[in-house]
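[1] what shape does this take:
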Amino acid sequence: MSEKISIDEVLHVAGLARLRLTLKEAELFAGQLSVVISHMTDIESLDLSLDDEERYSYVDEGSLREDYAKDSMSRESILRGAPLVEEYMFRVPPILGEGG
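    Okay, here's the model as predicted:
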């Protein structure tokens, strides 16, 4: 594992974000963040230098289909399956105290 994140660093960042963490939470997050940084270090060490031929060699031309436009479903057929419809629109329950 590479650099470990300290509990003090977690508490500092939490303070900047105006989050209140218990010591137990800070310990948990410090461990989790250290694991994430370790994975990032592993990724940084990968050799990703590819030439154009290698970069695009994963595309299987046989698995691609022709892209074409086709008719979509009608508004009536879509609204037919809705539990509530009002003036050609879905009717949904009010949220956050909105009137309805």
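
[2] can we go C-alpha only for contacts and neighbour counts from here?
    Noted.

[3] number of nearby residues for Thr22?
    Neighbours of Thr22 under the rule other CA atoms under 10 Å: 10.

[4] give me the phi and psi for the most centrally placed residue in the chain.
    Nearest to the mean C-alpha position of the chain, by CA atoms, centre = their mean, lies Val36 at 16.1 Å. Main-chain dihedrals, Val36, degrees, to the nearest 10: phi -60, psi -50.

[5] residues in contact with it?
    Applying CA atoms under 8 Å, 6 or more residues apart in numbering to Val36 gives no contacts.

[6] contacting residues for the residue lying farthest from the centre of the chain?
    Counting by CA atoms, centre = their mean, the extreme residue of the chain relative to its mean C-alpha position is Glu87, 34.8 Å from that point. Listed by CA under 8 Å, 6+ apart, Glu87 has no contact partners.

[7] show me the shaky parts of this structure.
    For the chain, the stretches flagged by pLDDT under 70 are 1-2, 51-61, 97-100.

[8] picking that back up, quick check: the residue nearest to the centre of the chain vs Lys24, distance?
    Taking CA to CA, to the nearest Å as the measure, Val36 and Lys24 are separated by 19 Å.

[9] now do the strands in this structure.
    Taking DSSP state E as the test, the strands found in the chain are 85-86, 89-90.

[10] which of the ones you listed sits closest to Ser72?
    strand 89-90 (17.2 Å; CA to CA).

[11] pairing partners for that closest one, with directions?
    Take DSSP bridges as the rule and strand 89-90 pairs in its sheet with strand 85-86 (antiparallel).
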